[in-house]
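Q: kindly generate the corresponding structure for this input.
(one chain, ligands or ions: 1)
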Amino acid sequence: MSQKAQIGVTGLAVMGRNLARNFARHGHTVAVHNRSYGRTKELVDQFGHEGTFIPAESAEDFVAALERPRRVVIMVKAGPATDAVIEEFAPLLEEGDMLIDAGNAHYADTRRREAALKAKGLHFVGMGVSGGEEGALHGPSIMPGGPRESYDALGPLLEDIAAKVDGEPCCTHVGPDGAGHFVKMVHNGIEYADMQLIAEAYDLLRQVGGLSPQEIATTFGEWNSGRLGSYLIEITAEVLKQTDASTGRPFVDIVLDQAEQKGTGRWTVQAALDLGVPVSGIAESVFARALSGGADVRKAAADAGLPGPSAGAEHAGGDLRADVEQALFASKIVAYAQGFQQIQAASKEYGWEIDPGAMAKIWRAGCIIRAKFLDFIKQAYDKQPSLTTLLVDDYFLDAVSGAQDAWRRVVVTAAQQGIPAPGFASALAYYDGLRAKRLPAALIQGQRDFFGAHTYHRVDKEGSFHTLWATDDRTEVDA
Ligand code: NBP
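A: Residues are numbered from 1 along each chain as shown. Here you go, the predicted model:
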C-alpha cells in the first residue's frame, strides 16, 4: 500500500465515525475499521468526500495501513469490548505503537491495561473525550493520559481536532496511566452536579415563584449572558422553551420525572469515597437521580400521603429570582471546588502530577460543562498552583461571600415549603462545615473511643489518648 494513514480509528458507531471524520476534515489520512464491516463501508460511502479514509476490513489490513509509530484509536463500547479489541490488536503492533482508548473506561481498567501493554512495549493512552457526537465531529474536549512520550507523537493530531478557545486547543497531556480517564470521570461527575443544581433552580422558580416554563426559559437565557453563562444553562433555556407538539403542553411537563444515568457520576462518587474526598454536590446529584428513579418507593410515599409543611411560608427577603441565581452560583462553586479537590487527591495518590489549571483550561470549550466560569478557575490555579480549595481564591471567596445571604434564604424557603433542594442545601452545609471553627467531630471521636477504644487526640497536647470509660473514675491513659 503506498499511502499510509497518520491515525486509525476502530469502532465506528456514532462517536468513532465522527472522530474519524474530524481527523479527515483536518487533512489527516485516517484508517477506519469496525468489527462488522458494514459501518466502515457506510462511513466511506457517506463521508468519503470529506477527506482521505483508508477502509480496512481486517485488523491486519488496518494495522498495515498505519504509519509508525502506529496510532490506533479505539472507540467501542466501554468494558469487555475494549479488552476484546486490545487482545485483537496488541499482537499485531510493534514496540512504540500506541493503542488509544477513547471510550468511557473506568480509570482502574485503564491502569490495568496500561501496565499490561507497557510490559509488551506498547503505549496505552486512556483518553477522555467529552462533547458527545457533535463534539467528536466539530471539536471535543480531549483528556489524554498515558506515557508522556506518546503525547509527543499523538498530541499534535489531537490538538488539531480539539475544540479551541482563542486558538488554544482544549487538549493537553493529563498525566500517566489512568489520569485522563479519571479526569473525564470527574468532569462527568461535575456535570451531574451542575445539572442537578440547575434543575433545583428551575423547580424553585416554578413552585415558589409561580413562573411558567417559558418565563423560566427567559430567566435562564438572561443568566446565560452573565456569570452563569454555560452550555448547560443555554440548553436548559431551550428545553424549557419547548412545547410538546401532540399535547401543546410544555415539553418539561410531558417527560417522566425519572432521571437516568450511565454510571460515570456513580464512579466519581465511589472513587471519592475511596480517596476520602467529600464530593457531596456530586453525590447528592447521583442520589437525586436514584431517588427520582425509585418509582416503587415514591409510590409507597404517595400512597401513604407523607405530609408536607402545614403552611407554605413566603420567600423571605426579596427577589426570589435574584436569590436563586446567587444560590445556584455559590452551589456551583462548591461542586467545582469539590471536583477539583478530588482530582488533586487522586493525582497525589497515584503520582499523576495533574495540573488542575490545565484541566479548567481544556474544559472551556468542546465539553458539556463548558462555561465562562472555567476561566476564573484557570486564573485561580495560575495565581496559586497549589491552591487547597477554590473557595479560598479571591474571586470565588468574593462570589460566595456576596451570595451567602441569598443562598441561605433559598435553602430556608425550600425547607419551609417542602421542596427538595439537596444540591443547594448540601453545598451550603459543606461551606459551613469548612468555615466552622469547631466541628462536632470531637463528639464523634468521644463516641468512638467509648464503644471501640478507638482513641483520640487532644487539642492541648501531642499523643493519642483513651479514656477508661468502664471504670468509675474514667481515667484518661496514653494510648
Ligand atoms: P457504543 O458504545 O454504542 O459501541 C458500539 C461500538 O462498539 C460499535 O463499533 C461496535 O461494533 C463496537 N463493539 C462492541 Br458493542 N463490542 C465489540 C467487540 N467485542 N469487539 C469489537 N467491537 C465491538 O458506541 P458509541 O456511542 O459511539 O460510543 C463509543 C465509546 O465512546 C463508548 O465507550 C462511550 O462510552 C464513549 N462516549 C460516548 C459518548 C456519546 O455521546 N455517545 C460521549 C463520550 C464518550 P459493531 O458495529 O460491530 O457492533
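Q: where exactly do the strands run in the protein?
A: Under the criterion DSSP state E, the chain contains strands at 7-10, 30-33, 53-55, 71-74, 98-101, 123-130, 141-144, 164-165, 168-169, 465-467, 476-478.
Q: closest to the ligand out of those strands?
A: For the strands of the chain, proximity to the ligand was assessed by CB to the nearest ligand atom; strand 123-130 is nearest, at 5.3 Å. (Glycine included, C-beta is placed from N, CA and C.)
Q: ok, residue 96 - contacts?
A: 68, 69, 121, 122, 123 (CB atoms under 8 Å, 6 or more residues apart in numbering).
Q: now, of the residues you listed, which are buried?
A: Those of these that meet the buried threshold are 69, 122, 123, by 16 or more other CB atoms under 10 Å.
Q: mind listing the residues bridging to the last one?
A: Residue 123 forms beta bridges with residue 98, as assigned by DSSP bridges.
Q: most proximal residue of the chain with respect to the ligand?
A: For the chain, CB to the nearest ligand atom, closest residue to the ligand: residue 103, 2.5 Å.
Q: can you report how many residues lie near that residue?
A: 24 (other CB atoms under 10 Å).
Q: surely it meets residue 82?
A: Yes: the criterion here is CB atoms under 8 Å, and residue 103 meets it with residue 82 at 5.9 Å.
Q: between these two, what contacts are shared?
A: With CB under 8 Å, 6+ apart as the test, residue 103 and residue 82 both reach 74, 76.
Q: export the contacts of residue 96 as a markdown table, with columns for pLDDT and distance to residue 139.
A: Listed next are the contacts of residue 96 as a markdown table, based on pLDDT from 0 to 100; distance: CB to CB, whole Å:
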| residue | pLDDT | distance to residue 139 |
| --- | --- | --- |
| 68 | 96 | 27 |
| 69 | 96 | 25 |
| 121 | 95 | 33 |
| 122 | 97 | 28 |
| 123 | 97 | 24 |
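Q: could the residues you listed go into JSON lines alongside distance to residue 354?
A: As requested, these are exported to JSON lines (distance: CB to CB, whole Å):
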{"residue": "68", "distance to residue 354": "30"}
{"residue": "69", "distance to residue 354": "25"}
{"residue": "121", "distance to residue 354": "26"}
{"residue": "122", "distance to residue 354": "23"}
{"residue": "123", "distance to residue 354": "19"}
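Q: related to what we said a few turns ago, mind putting the strands of the chain into JSON lines with distance to the ligand?
A: Formatted as JSON lines, these follow (distance: least, CB to the nearest ligand atom, whole Å):
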{"stretch": "strand 7-10", "distance to the ligand": "7"}
{"stretch": "strand 30-33", "distance to the ligand": "9"}
{"stretch": "strand 53-55", "distance to the ligand": "14"}
{"stretch": "strand 71-74", "distance to the ligand": "9"}
{"stretch": "strand 98-101", "distance to the ligand": "8"}
{"stretch": "strand 123-130", "distance to the ligand": "5"}
{"stretch": "strand 141-144", "distance to the ligand": "10"}
{"stretch": "strand 164-165", "distance to the ligand": "19"}
{"stretch": "strand 168-169", "distance to the ligand": "18"}
{"stretch": "strand 465-467", "distance to the ligand": "50"}
{"stretch": "strand 476-478", "distance to the ligand": "54"}
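Q: for those strands, which one sits closest to residue 229?
A: Minimum separation from residue 229 across the strands of the chain (CB to CB) falls at strand 164-165, 13.5 Å.
Q: chain center to that closest one, what's the gap?
A: Taking CA atoms, centre = their mean, to the nearest Å, the mean C-alpha location of strand 164-165 is offset from the chain mean by 20 Å.
Q: contacting residues around it?
A: 139, 170, 361, 364, 365.
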